[in-house]
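Enquirer: okay, here's the prediction I keep looking at, along with the sequence it came from:
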Amino acid sequence: MFVPNSLLLFHETGIRRKHGSHRLRRKQARLRLAVIMDNKREKEISDSVNQVVTYMFRKYLDRNPDQEGLEYYKKALLDGLSIVDLINSISGSEEALQKKNASHNKVVLILPINEIDTIIALSYRLYLQREPDEEGKQHYRSAIEDGMTLSELTEALSSSPEAKKRKGGHNRVVPTLSVNDIDTMIALSYRLHLQREPDEEGKQHYRSAIEDGMTLSELTEVLSSSTEAKEKHQFFSPGIGNEGISDGAFIRELGYLLFENTVARPRDFDQYKKILLEDPLNRMLLVQQLVSEQIIRRKAQKNSRFEVDKCRIMGTDEFLTRQIWDARVADLEPAAMASPPKARLEKLKQCDFHHSGQYRVSALASMYKGAKYLETFLENIVSQSIFDQTELIIIDACSPEGEEELISHYMKIYPNIVYKRFDCRIGIYDAWNYAVQIARGEYVTNTNLDDLRRQDSFEIQANALDRHAFADVVYQDFYYSLDYRFDFESVSKCGFKSNLPIATVNNMLEFNSPHNAPMWRKRLHEEIGYFDPSYRSAGDYEFWLRCLKGGKIFLKTNTPHVVYYQNPEGLSTSADSPGLYEGRRAWRTHAEELMSPYFEKSRAEFARDIGLVEVPGTEVSDYDLVQKRLRYFAAEARAGWPEVRQVPQKT
């Protein structure tokens, strides 16, 4: 343990003082301790000294004292070290100076003002047998807001000259309190130390004890040192191991219980660390806040109405509604809005198609009740610029609409169309898994019957994977449509486009960037596995999270070449879509392994790991600290460049 030089100098070599002055100082210090402890037993004095040392460590070093430090300062106090010298010694240490810039002095109270006033009033009645005057109330209210504990309030009042005068020389006073006051005192103590209301058995027990003479200080000591309090202290106190858990670990545990998405995500750590500030008193407040938010959210969900023609444009704060869509279409020239080409059997017979024999891409399509979209879909896919290097695998999930007839006409012209019908209704991910297993292409992409691809869509994606060997999955922004009758060019003119972020772990825990029409290497399924068929809507998202766990790389291309139709009857867009709940299930399954362990580190640990000597205050986010360090390393690297490589700095 680090022992401040000032204290070593004082006790080991001795500061040159006059002998009489030193003896007087020791005598005064002992007298002060004797008055404060009010002639209590030696054990009680020792416990109180421990509390003083612990308080000073927490106040100036933001931690509990280690055993060596506790014994050192305890002996110094009992040998006559004044409280002033104790404060100067600890607050002037190198460790304290390193922490002085951290903002740990502001304390947010668990109890509201009216309950603080109740505590003050009860303490006045206990020790001064009167109600507090306004000056006293204001004084102790400010002291509690600045961090005064219940024990310190008790000590201040019980050792005051007024309290001693009322005692009349007796060491113990049995206070006269009403049953209501006693019950209030018990309830407040339970809330402070156990974070709950007292049970009836506990209330009866402590009511009898107080009537028999138990003081508020003793009640506080019993409750705060109980097994239950220690267990809750570990959860509600910043620290490591038995001393508590870090703010990050606290947020993680709260996520499983109280967050809307049932897991803590990167933005949650960033948001709630700014509230907690490594202050234990802020933790219960956060719990109360989250519970309130859950109640409000559930009430809102009960009263909410699902809007079929409304969706959030991914990667933005904007929504697309039927009203907005219709207004945009009305602003365009009627001639600019065209329908996509559909299958024409007469024209189809005249097609002269030759497949190259090379299968670069396998396009998967799961079909159920797709007759309305099938003509447009087939024409859209066979018109792809590299369809002669592609195969289209259509899995019929026992659709009742007879789509097979039209597909068979296309298969006569396009031998690279593969059709498989199941005699029972299978899920979309069962269909995809079957298609992947029979696929011959090096690359795989999924195609929805109600979506559209630009003519060069497959080519753009396949070329990206050819050029970038490090990439395992490619994806892109896409256009939204509320009308399946418009072709790609018409929808793109409307301009409702996503703004997807790069698919990193942090971003993918927010939403599914490769949500629409990605392309991936088929070998991923040999390395990662297939889609989980227990999902109905979010199985692709769960698969991408597994890919991230496996270290796979996602690449975003710059060109939006896909149209996503917000289908009111679609599995992922209908009112009874399981997508939201399945997304949360995927988070619960994979988030803990994907999240960086740095989110759970204390500020001191995090600062040390990124190479900071001084620990910044908690008002600065972890992200900002990392960015600052990166700028520092960049500047350091530039300083070592040859002069010709130096980049002039802007003034």
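Expert: Structure received. Numbers count the residues shown, from 1 in each chain.

Enquirer: next secondary structure after the host helix or strand of residue 206?
Expert: Using DSSP states H and E, residue 206 maps to helix 200-211. Under the assignment DSSP H and E, the closest C-terminal helix or strand after helix 200-211 is helix 216-224.

Enquirer: quick check: mean pLDDT of that next one?
Expert: What helix 216-224 shows for mean pLDDT is 82.

Enquirer: tell me where the stretch 101-250 of the chain has helices.
Expert: Ranges of helices in the stretch 101-250 of the chain, per DSSP state H, counting those that start in this stretch, are 113-128, 134-145, 150-158, 161-167, 179-194, 200-211, 216-224, 227-236, 247-258.

Enquirer: of all those helices, which lies closest to residue 421?
Expert: For residue 421, the closest of the helices of the stretch 101-250 of the chain is helix 247-258, at 43.2 Å, according to C-beta to C-beta. C-betas here are computed from N, CA, C, even on glycine.

Enquirer: what angle separates the helix or strand just after the closest one from helix 247-258?
Expert: Next in sequence after helix 247-258, counting helices and strands by DSSP H and E, comes helix 266-276. If you take axes from the mean of the first three to the mean of the last three C-alpha atoms, to 10 degrees, helix 266-276 sits at 110 degrees to helix 247-258.

Enquirer: how far does helix 266-276 sit from its chain's centre?
Expert: Relative to its chain's centre, helix 266-276 lies at 6 Å (C-alpha atoms, centre = their mean, to the nearest Å).

Enquirer: pull out the buried residues from the following helix or strand past that helix.
Expert: The first helix or strand that comes after helix 266-276 along the chain, using DSSP H and E, is helix 281-303. Neighbour-count burial for helix 281-303 flags 281, 282, 283, 284, 286, 287, 290 (criterion: 16 or more other C-beta atoms under 10 Å).

Enquirer: before we move on, what about stretch 591-606?
Expert: Neighbour counts over stretch 591-606 (16+ other C-beta under 10 Å) mark 591, 594, 595, 599, 600, 601, 602, 603, 604, 606 as buried.

Enquirer: what do you get for stretch 607-625?
Expert: 607, 610, 612, 615, 616, 618, 620, 622, 625.

Enquirer: quick one: contacts for the second one?
Expert: Applying C-beta atoms under 8 Å, 6 or more residues apart in numbering, one finds that residue 610 lies in contact with 625, 626, 629.

Enquirer: center of this protein - which residue?
Expert: Closest to where the C-alpha atoms of the chain average out (C-alpha atoms, centre = their mean) is residue 268, at 2.6 Å.

Enquirer: wait, it touches residue 255, no?
Expert: Yes - shown here, residue 268 and residue 255 form a contact pair, counting by C-beta atoms under 8 Å, at 6.4 Å.

Enquirer: against residue 138, how distant is residue 121?
Expert: Using C-beta to C-beta, to the nearest Å, residue 121 is found at 13 Å from residue 138.

Enquirer: ok, the two, which is more surrounded?
Expert: Legend: neighbour count by other C-beta atoms under 10 Å for residue 121 and residue 138, higher for residue 121 (16 against 12).

Enquirer: enumerate every residue touching the more buried one.
Expert: 131, 132, 137.

Enquirer: quick one, phi/psi of the second one?
Expert: The phi and psi torsions at residue 132 (degrees, to the nearest 10) take the values phi -70, psi 140.

Enquirer: next one: the first one
Expert: Listed backbone geometry of residue 131 is phi -80, psi 150, with angles given as degrees, to the nearest 10.

Enquirer: in helices only, show me the contacts of residue 610.
Expert: Judged by DSSP state H, those include 625, 626, 629 as members of helices.

Enquirer: which single one of the residues you listed is nearest to residue 206?
Expert: Residue 206 lies nearest to residue 625 out of those, by C-beta to C-beta, at 46.4 Å.

Enquirer: wait, the closest one sits on residue 606?
Expert: Yes - Residue 625 is within contact range of residue 606, at 7.2 Å (criterion: C-beta under 8 Å).

Enquirer: take the buried residues of stretch 591-606 and keep only those in strands.
Expert: Per DSSP state E, strands hold no members of these.

Enquirer: what's in contact with the strand or helix carrying residue 330?
Expert: Using DSSP H and E, residue 330 sits in helix 322-331. Contact with helix 322-331 is made by 309, 310, 337, 482, 483, 494, 495, 496, as judged by C-beta under 8 Å, 6+ apart.

Enquirer: what residues of it count as buried?
Expert: Neighbour-count burial for helix 322-331 flags 324, 325, 329 (criterion: 16+ other C-beta under 10 Å).

Enquirer: now render these as CSV, adding distance to residue 364 and pLDDT.
Expert: Formatted as CSV, the buried residues of helix 322-331 follow (distance: C-beta to C-beta, whole Å; pLDDT from 0 to 100):
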residue, distance to residue 364, pLDDT
324, 32, 95
325, 29, 94
329, 31, 92
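
Enquirer: switch those residues over to JSON lines; also include distance to residue 455.
Expert: Listed next are the buried residues of helix 322-331 as JSON lines, based on distance: C-beta to C-beta, whole Å:
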{"residue": "324", "distance to residue 455": "28"}
{"residue": "325", "distance to residue 455": "24"}
{"residue": "329", "distance to residue 455": "23"}
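
Enquirer: with adjacent residues omitted, what lies nearest to residue 377?
Expert: residue 449 (4.6 Å; C-beta to C-beta, 6 or more residues apart in numbering).

Enquirer: outline the domain layout of the protein.
Expert: 5-99, 113-233, 345-574, 601-645 (automatic domain parsing).

Enquirer: let me know which of the ones you listed is tucked in deepest.
Expert: Counting by mean count of other C-beta atoms under 10 Å, domain 345-574 has the highest mean neighbour count of the domains of the chain, with a mean of 18.

Enquirer: show me where the chain has strands.
Expert: With strands called from DSSP E, the chain shows them at 310-312, 319-321, 361-367, 390-396, 417-421, 443-446, 452-453, 473-475, 479-481, 519-521, 554-556, 562-565.

Enquirer: and those: which comes nearest residue 529?
Expert: Taking C-beta to C-beta, strand 519-521 is the member of the strands of the chain nearest to residue 529, at 13.1 Å.

Enquirer: partner strands of that closest one and their direction?
Expert: Looking at strand 519-521 with DSSP bridges, its partner strands are strand 443-446 (antiparallel), strand 473-475 (antiparallel).

Enquirer: chain center to that strand, what's the gap?
Expert: How far strand 519-521 lies from its chain's middle: 30 Å, per C-alpha atoms, centre = their mean.

Enquirer: ditto for stretch 191-208
Expert: Between the centre of stretch 191-208 and the centre of its host chain there is 34 Å, according to C-alpha atoms, centre = their mean.
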